[in-house]
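[1] Quick one, what's the 3D model for this:
(chains A and B)
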Amino acid sequence: MITAPTLKNTDLFQDLSSQSLQAIVGIATLKSFEEGDDIYKLGDDANDLYFLDSGRVRFSIRVGARLDGSGSLIVPGTLFGWAALLHDEPRRVAAASCLEDSKVYLISREKILKLFEADSEAGYQVMSRLATTIAGDFISVLSV
Amino acid sequence: MKIKLQTKSGEHSFDCETGENLLFAGLRAGLTLPYECATGTCGNCRARVRDGKIHHNWTDAPGLAYVKLEKNELLMCQSAALGNCTLRVPAQVFENETGSIVPGYRRGVIRNVRNLCRDVVSFDVPVDVPMTFDAGQFAVLSTADVTGGRAYSMVNYASSAETLNFVVKRKPHGKFSDWLFENDVTGSEINIFGPLGKATFHPDEKKNILCIAGGSGIAGMMSIIARGCKESHFSSHKGHVFFGVRTEKDAFYMDEFLSFAEAYPESLEVTVALSDEDVSAEFQNRYPLIRFRSGFVHSVASEEMAGKYENILAYVAGPPPMVDGAIRMLVLEARLPGSDIRYDKFG
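    Here you go, the predicted model:
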């Protein structure tokens, strides 16, 4: 279940106040996926941020046709799909698919960016964390 | 033995030989089973045993990270049935359309081994049964001297190939590449299962072609370019090939690239990107129709392809960082849909 405390446990939202977190909970909508369903594919418009409530999701930025098994498993309580927070019509450079029946909360890009317009401190805190995440991903790619 | 499949699109069944890889048995029966690497690393051929017993051939397979063994899940490409079985596959599976290429087993012998550069070798395998394959496809090769199969793209293209050509880059601690580089393997028997893979090219798609490759990732793209040249695809479409290596000493297939460029000088551009040095005048003069640039291949491609992405099909293959960089560029800069990006990532 998505709550202010469960969002507080995520990397991106760990600095937010209870009030800001509650506002994000208020705009999240629950969606169910079956095992094998794609949540999103390479090239899709990045319209939502996701919070995995139950199930198991495979996030694959490095899975292609051969030999590279270095995708990652997303477990309940994890936020993923942060490309939705980027500007200029973001699109997916990775794929997310369900390894078992899963329930996922969708947080609309449009709605959360509107929240951040009204709550600039929360917006700054999240974007700072996002910059750190992107830098970390960039370094890990280069180090392979 | 009989394998029954429960899938999202209905039930199927196929026969499987004793000890046979379940994925290969299902594919050669004409079923569109889900897979990507076919060699135990990607996890896409995951299934669950409903009834019966299976044997895991490779208990350390990286793809098992996506499998729950406690729920009787398995990787079909690394499992064999110990008797009749019922499996559940969480995907839509269909029978191949009539006329589709169905993979199968072949046997051959390694011939014509040649060093293309310091850590890249090419070899031919004349096969007992000609193979029909789409340009860009691969096969899984195995030999009695090395445990497990390895996937390599066919470099050549022929509508019914009696000989398959492969290129292999030496991989640190790679048992198959160690075997290939450290022994005289000419005359060694090779088992082949294929053709496999969906990063393919067919002229009927009527699109311009963009190939971005690092190192031995160029293998499948040579087949694609060969088919494009053979079937005059570049008479009416553009081809852009970007091949990334570290230095001139690491470049290979240069004579072949020159031949391709000479055949279609107005429409087929080949660019070699050197990441660690600038091209020498002597090397440039040897290959006058090849363009040379300095930098990482996906960065060079990004600069050179600006404004040229209309009606394009992109192929990307090579080491993971290179493929990641190229895909980001194609999705975010070129705004290509995912369906127009076909890629292979491998170490």
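[2] CA atoms of the worst-scoring helix or strand of chain A on mean pLDDT as CSV?
    Counting by mean pLDDT, DSSP states H and E, chain A has its least confident helix or strand at helix A:120-142, which shows a mean of 83. The C-alpha trace of helix A:120-142 is given here as CSV (Å, rounded to 0.1, in the frame of the first residue of the first chain):
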residue,chain,number,x,y,z
SER,A,120,9.2,24.2,-4.8
GLU,A,121,11.1,23.0,-1.8
ALA,A,122,9.9,19.4,-2.5
GLY,A,123,10.7,19.8,-6.1
TYR,A,124,14.2,20.9,-5.4
GLN,A,125,14.7,18.0,-3.0
VAL,A,126,13.5,15.4,-5.5
MET,A,127,15.4,16.8,-8.4
SER,A,128,18.6,16.9,-6.3
ARG,A,129,18.1,13.2,-5.5
LEU,A,130,17.3,12.5,-9.2
ALA,A,131,20.6,14.2,-10.2
THR,A,132,22.5,11.9,-7.9
THR,A,133,20.7,8.9,-9.2
ILE,A,134,21.5,9.8,-12.8
ALA,A,135,25.1,10.5,-12.0
GLY,A,136,25.4,7.1,-10.3
ASP,A,137,23.9,5.3,-13.3
PHE,A,138,26.2,7.1,-15.7
ILE,A,139,29.3,6.2,-13.6
SER,A,140,28.2,2.5,-13.4
VAL,A,141,27.7,2.3,-17.1
LEU,A,142,31.1,3.7,-17.8
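[3] For the closest residue to chain B within chain A, grab the count of nearby residues.
    Taking Cβ to the nearest Cβ, chain B has its nearest neighbour within chain A at A:Gly43, 3.1 Å off. The C-beta positions use only the backbone N, C-alpha and C, and glycine is treated the same way. Residues near A:Gly43, counting by other Cβ atoms under 10 Å in any protein chain shown, number 20.
[4] Give me every residue in the stretch 1-150 of chain B lying close to chain A.
    Neighbours of chain A within the stretch 1-150 of chain B, by Cβ under 8 Å from any Cβ of the partner chain: B:8, B:36-37, B:39, B:41-44, B:46, B:62-63, B:65-66, B:90-91, B:138.
[5] quick one: least confident of these?
    For these, the minimum pLDDT belongs to B:Cys42; the value there is 85.
[6] Name whatever forms a beta bridge with the most centrally placed residue in chain A.
    By Cα atoms, centre = their mean, chain A has its centre lying nearest to A:Phe80, at 2.1 Å. Beta bridges link A:Phe80 to A:Tyr50, judged by DSSP bridges.
[7] Which pLDDT value belongs to it?
    Confidence score, pLDDT, at A:Phe80: 93.
[8] Now do the same contact list for residue 50.
    All of this is about chain A. A:39, A:79-81, A:96, A:104-107 (Cβ atoms under 8 Å, 6 or more residues apart in numbering or on different chains).
[9] Let me rephrase: I mean chain B.
    Contacts for B:Arg50 (Cβ under 8 Å, 6+ apart) come out as B:6, B:72, B:86-88.
[10] Just give me the closest of those residues to B:Ile110.
    Proximity of the contacts of B:Arg50 to B:Ile110 (Cβ to Cβ) peaks at B:Leu87, which lies at 34.9 Å.
[11] check contacts around A:Val104.
    Contacts of A:Val104 by Cβ under 8 Å, 6+ apart are A:30-33, A:39, A:50-53, A:55, A:57.
[12] I'd assumed it was in a strand, is it?
    Yes - under DSSP: H, G, I helix; E, B strand; the rest coil, A:Val104 falls within a strand.
[13] Specify the beta-bridge partners of it.
    Assigned bridge partners for A:Val104, using DSSP bridges, are A:Lys31, A:Leu52.
[14] Need the pLDDT of it.
    The predicted local confidence for A:Val104 is 98.
[15] The contacts of A:Val104, buried ones only, as a ChimeraX selection?
    Of the contacts of A:Val104, the buried ones go into a single ChimeraX selection, burial set by 16 or more other Cβ atoms under 10 Å in any protein chain shown:
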select /A:33,39,50,51,52,53,55,57
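[16] right, and the pair among the contacts of A:Val104 with maximum separation?
    Every pair of these checked by Cβ to Cβ; the farthest is A:Leu30 and A:Val57, at 14.7 Å.
[17] Can you pull the phi/psi pair for the closest residue to chain A within chain B?
    In chain B, the residue that lies nearest chain A is B:Gly338 (3.1 Å; Cβ to the nearest Cβ). Per-residue torsions, B:Gly338: phi -60, psi -30 (degrees, to the nearest 10).
[18] all strands of chain A, in order?
    For chain A, the strands defined by DSSP state E cover A:28-33, A:38-40, A:48-54, A:57-60, A:72-74, A:79-80, A:95-98, A:102-108.
[19] Could you list the low-pLDDT ranges of chain B?
    By pLDDT under 70, the low-scoring segments of chain B are B:345-347.
[20] if you look at the helix ranked longest in it, does any of it touch chain A?
    Ordering each helix of chain B by length in residues (DSSP state H) puts helix B:218-230 first. No - counting by Cβ under 8 Å from any Cβ, chain A is not contacted by helix B:218-230; separation bottoms out at 9.2 Å.
[21] which helices and strands does that helix pack with?
    strand B:146-153, strand B:161-169, strand B:208-214, strand B:239-245, helix B:254-263, strand B:268-274, strand B:312-318 (3 or more Cβ pairs under 8 Å, 6 or more residues apart in numbering or on different chains; DSSP states H and E).
[22] Next, format these as TSV and append mean neighbour count.
    Compiled in TSV, the helices and strands packed on helix B:218-230 are given as follows (neighbours: other Cβ atoms under 10 Å in any protein chain shown):
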stretch	mean neighbour count
strand B:146-153	21
strand B:161-169	20
strand B:208-214	26
strand B:239-245	25
helix B:254-263	17
strand B:268-274	23
strand B:312-318	25
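[23] Put together JSON lines for those, with distance to B:His233 on each row.
    JSON lines is the format used below for those (distance: least, Cβ to Cβ, whole Å):
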{"stretch": "strand B:146-153", "distance to B:His233": "19"}
{"stretch": "strand B:161-169", "distance to B:His233": "19"}
{"stretch": "strand B:208-214", "distance to B:His233": "8"}
{"stretch": "strand B:239-245", "distance to B:His233": "8"}
{"stretch": "helix B:254-263", "distance to B:His233": "11"}
{"stretch": "strand B:268-274", "distance to B:His233": "10"}
{"stretch": "strand B:312-318", "distance to B:His233": "11"}
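[24] Only C-alpha atoms, please: export the longest helix of chain B in CSV.
    Output of helix B:218-230 as CSV, limited to C-alpha atoms (Å, rounded to 0.1, in the frame of the first residue of the first chain):
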residue,chain,number,x,y,z
ILE,B,218,29.8,-5.7,-36.4
ALA,B,219,29.3,-9.4,-37.1
GLY,B,220,25.5,-9.5,-37.7
MET,B,221,25.6,-6.1,-39.4
MET,B,222,28.0,-7.4,-42.0
SER,B,223,25.3,-9.9,-42.9
ILE,B,224,22.8,-7.1,-43.1
ILE,B,225,24.9,-4.9,-45.3
ALA,B,226,25.8,-7.9,-47.5
ARG,B,227,22.1,-8.6,-48.0
GLY,B,228,21.4,-5.0,-48.7
CYS,B,229,24.1,-4.8,-51.3
LYS,B,230,23.2,-8.1,-52.9
